[in-house]
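Peer 1: could you work out the structure for the sequence below:
(2 chains)
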Amino acid sequence: MSKMHHRRPALLGLSTGLLISIGANVFSITASADPVSNGKQAFSLCAACHRLDGKSGVGPYLNGVIGRKAGELEGFRYSRPMKSSGVVWTAEALDKYLQNPQTAMPGNRMPFSGLPDADKRADIIAYLATMK
Amino acid sequence: MTKRLPKRTVVMIGGGFTSALAARQLMPQGVDVLVLERGIDRTHSAANEIPSQRDELRWAIRHENAQNIASETYTLRHNSNETALPARSLEAFIPGDGVGGAANHWNGQSWRWAEYDPILRTHLENRYGRKAIPAELKVQDWGVTYAELERYHDLWEKLFGISGRAGNIKGEIRAGGNPFEAPRQNEYPQPPLETLEAGLILEDAAKKLGAHAFPMPAGNSSGAYTNPDGMQLGQCQYCGHCERFFCEANAKASPYVLLYPWLRRYRNFEVRAQTHVTGIDYDKRGRHVTGVRYIDLVTGEDCIQPAEVIVLGAFTMTNTKLLLIGGIGAPYDARTRRGVVGRNFCHQANSGVSVFFKDRWINPFLATGSTQTVIDDWNNDNFDHSGLGFHGGGYIYSNVTNGRPISTRPVPPGTPRWGTAWKQATADWYAHAFSISTHGSFYAHPENYLSLDPTYRDAFGQPLVRMTIDFRDNELRMSRFLTEKAAEMARATGAKIVGPTTPRTGPYDVRVYQSTHVTGGTVMGADPKTSVVSPHLQHWDAENLFVVGASIYPQNSGYNPTGPLGALALRLGDDLASYISRPRHL
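Peer 2: A predicted model of the protein is given here:
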């Protein structure tokens, strides 16, 4: 736990848009105040394919994804649209992608229909930001 | 020159569903387990990910992840007087090939059978009297009760993250679930999948006719799920590529996702792929098996793998084949009706009535292998059979599993089979039609059995398994009755066009899809005269040989066979641990 708290300042680097949605989360009744721990829970939606330990599975590993260029991990077989997208995974770019992967990047091969809940997306991104 | 390998404690033949579940129970205790699998390991291959995963021609039509029938097939005849011929095209059942076996390419339909299914003969005799069961109906008890298996069902459903809605918790009937369900201790681990438009239509029809509709229990994960072993499933995306496919989203509970990666964490576990087993060495006088013979498909070497305990957990037909080739147990003789190995070979008797709507959008491409709404009122012995002239039954369901372009082309009766009119009908009805299908039981008959073919051999020079099977009177009558019920449902939907009522009829044809659930051949029971293995799945004639798989079912139910197999395989794991600590007849 202490390790995670230590890493939380990474959030400060995220966009204002994201901070606003995290702010909205604070006022919701069910969610806890800590987006990182919410995000850790919500990450179960991704965990069947994505790992956080530097090893790729069905999907590429996601530790260190914030700031990474799309399609650049060696040894992972990306789709052409992903490789040629030129996207850098900022919090905004991830937010847009996770909302509807096929709209954000048509033809990419991630079999996930998207996460319409903006708070959940923000939580997941906040959590990913702590995973270096 | 045969290579003799160092002895292992437990050697399992077949790297599929049942071996992995039995092995799971042995891992924490440190028992040494070696699994022999003839196929390759595709776990992280590009072949089972998008876009290759969606190749319908490759997986669904050409069965690339199934047994290659060019090297090993089956012969078929309809009764003992005929000469059997080899199947050149196999659609009736799809034997798996590769680490994970056939449960890698399953649909996900995850039933428990009825509470009376394991005691079917006793149940039928009690309800209708001994005389009401004809001599040709070879139904028999398993020798184990549902109550003994319940906790293993519960564990299996948790391991596989089954999605569903309970209809019977500890005897209390729950609205919205299956009122005929065997009593469960717990609700399903996950809520049911979404109900499709076709399901809503069937629900309405069922209400009108006083039947009970509920969602099919599914191995297709309705949400993100972590099982008790820490293995994870993604959320199902309803892409309609389940049966015959690997799951692109890791959302279909499968051995290659949930079991083998977990087993491999243990040092006492090994799976040896590309090993084609050709025999089991049997010491007849000592009533023991001593080792497994196989061909290493990479090097071509003949190997003997000595073992303390052998588990035969291959495909239904292979289990029977290896016992017959090894001379283990008395082969069944249809003329004298004596012997046990090969007897009670069963399949299932399915049928369907198609319905076409002008104004309802079925959108079949948004589906899973188990997003079906089901009516269980006429399954097995869920209804009174007095005076009907048959036993058994089946469930009726809104059959939407996929909208794949080669497989799914619903057109109304009378449409030409090719050309402009066919294309127009396809365009008109693709999104507006489905089948109300039946999934029917198949009870054992003395003329339905497996044996070794005297003529035809496989690529390894071994005799093919010969199927002698047909739909006998009991199944023909059952299917007529059940299909008429489905037709009543179809008419009650208010469909614009209702297709013809076509019950299952003979002759049995391996080229026709038929639920894929072949069972029997090495059946379980309490009497060695009518069973190959004991209720603990221990071979009557070889104490250290255990057999598991659909081959142990004495008769086939109207339900899909996976659920009880999961329970029986987990229980076998515990029985093996007990046997290893003190070898004896369990």
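
Peer 1: what is the neighbour count of residue B:127?
Peer 2: 13 (other Cβ atoms under 10 Å in any protein chain shown). Every C-beta, even on glycine, is put in place using the N, C-alpha and C of the backbone.

Peer 1: what's the helix or strand for it?
Peer 2: If you go by DSSP states H and E, residue B:127 is part of helix B:120-128.

Peer 1: average model confidence for that helix?
Peer 2: Helix B:120-128 comes out with an average pLDDT of 98.

Peer 1: which parts of it are buried?
Peer 2: Buried residues in helix B:120-128, counted by 16 or more other Cβ atoms under 10 Å in any protein chain shown: B:120, B:121, B:123, B:124.

Peer 1: and the helices in the stretch 251-400 of chain B?
Peer 2: Counting by DSSP state H, counting those that start in this stretch, the stretch 251-400 of chain B has helices at residues B:260-263, B:316-326.

Peer 1: secondary structure class for the residue nearest the centre of chain A?
Peer 2: The residue lying closest to the centre of chain A (Cα atoms, centre = their mean) is residue A:125, at 3.9 Å. The local conformation at residue A:125, judged by DSSP: H, G, I helix; E, B strand; the rest coil, is helix.

Peer 1: pretty sure it sits against residue A:96.
Peer 2: No - counting by Cβ atoms under 8 Å, residue A:125 sits too far from residue A:96 to count as a contact (10.9 Å).

Peer 1: which residue sits closest to the residue in chain B positioned nearest to chain A in space, ignoring its chain neighbours?
Peer 2: With Cβ to the nearest Cβ as the measure, residue B:234 is the residue of chain B nearest to chain A, at 3.4 Å. Once flanking residues are discounted, residue B:234 sits nearest to residue A:48: 3.4 Å by Cβ to Cβ, 6 or more residues apart in numbering or on different chains.

Peer 1: can you tell me the SS state at that neighbour?
Peer 2: The three-state assignment at residue A:48 reads coil, by three-state DSSP.

Peer 1: what residues sit buried inside stretch B:176-185?
Peer 2: Result for stretch B:176-185 [16+ other Cβ under 10 Å]: buried residues B:177, B:178, B:180, B:181, B:182, B:183, B:184.

Peer 1: again but with stretch B:218-228, I slipped
Peer 2: B:218, B:219, B:220, B:221, B:222, B:223, B:224, B:225, B:227.

Peer 1: measure it end to end?
Peer 2: Length of stretch B:218-228, first residue to last, Cα to Cα, to the nearest Å: 18 Å.

Peer 1: same thing with stretch A:98-113?
Peer 2: By Cα to Cα, one end of stretch A:98-113 lies 9 Å from the other end.

Peer 1: equivalent analysis for stretch B:375-384, please.
Peer 2: Stretch B:375-384 has an end-to-end distance of 16 Å (criterion: Cα to Cα).

Peer 1: what's the mean pLDDT across it?
Peer 2: 98.

Peer 1: same thing with stretch A:51-63?
Peer 2: Averaged across stretch A:51-63, pLDDT comes to 92.

Peer 1: just the CA atoms of that stretch, as PDB, please.
Peer 2: Backbone C-alpha positions of stretch A:51-63 (Å, rounded to 0.1, in the frame of the first residue of the first chain) are rendered in PDB as follows:
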ATOM      1  CA  ARG A  51      -0.800  -7.900 -17.500                       C
ATOM      2  CA  LEU A  52       1.200  -5.300 -15.500                       C
ATOM      3  CA  ASP A  53       4.400  -7.200 -15.000                       C
ATOM      4  CA  GLY A  54       6.200  -6.500 -18.300                       C
ATOM      5  CA  LYS A  55       4.900  -9.700 -20.000                       C
ATOM      6  CA  SER A  56       2.400  -9.600 -22.800                       C
ATOM      7  CA  GLY A  57      -0.500 -12.100 -23.000                       C
ATOM      8  CA  VAL A  58      -3.400 -11.800 -25.400                       C
ATOM      9  CA  GLY A  59      -2.900  -8.100 -25.100                       C
ATOM     10  CA  PRO A  60       0.300  -6.100 -24.600                       C
ATOM     11  CA  TYR A  61       1.400  -5.400 -21.100                       C
ATOM     12  CA  LEU A  62       0.300  -2.100 -19.600                       C
ATOM     13  CA  ASN A  63       2.700  -1.200 -17.000                       C
END
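
Peer 1: can you list the neighbours in contact with that stretch?
Peer 2: The contact list for stretch A:51-63, computed with Cβ atoms under 8 Å, 6 or more residues apart in numbering or on different chains, reads A:46, A:48-50, A:73, A:75-76, A:78, A:110, A:128, A:131-132, B:44, B:49, B:249-250.

Peer 1: buried among these? Make that a ChimeraX selection.
Peer 2: Buried members of the contacts of stretch A:51-63, defined by 16+ other Cβ under 10 Å, are picked up in ChimeraX with:
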select /A:46,48,49,50,73,78,110,128,131 /B:49,249,250
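
Peer 1: from the contacts of stretch A:51-63, which has minimum pLDDT?
Peer 2: Lowest pLDDT among the contacts of stretch A:51-63: residue B:44, 78.

Peer 1: give me the element that residue is part of.
Peer 2: According to DSSP H and E, residue B:44 maps onto no helix or strand at all.

Peer 1: try residue B:202
Peer 2: helix B:197-208.

Peer 1: now that helix: buried residues?
Peer 2: In helix B:197-208, counting by 16+ other Cβ under 10 Å, buried: B:197, B:198, B:199, B:201, B:202, B:203, B:205, B:206.

Peer 1: give me the angle between the strand or helix carrying residue B:12 and helix B:316-326.
Peer 2: Element membership of residue B:12 [criterion: DSSP H and E] is strand B:8-13. On the basis of axes from the mean of the first three to the mean of the last three Cα atoms, to 10 degrees, strand B:8-13 is oriented at 120 degrees to helix B:316-326.

Peer 1: which strands and helices sit next to the helix or strand that strand B:8-13 is followed by?
Peer 2: Using DSSP H and E, the helix or strand that follows strand B:8-13 in sequence is helix B:17-26. On a contact count with 3 or more Cβ pairs under 8 Å, 6 or more residues apart in numbering or on different chains; DSSP states H and E, helix B:17-26 meets strand B:8-13, strand B:33-36, helix B:146-159, helix B:260-263, helix B:562-581.
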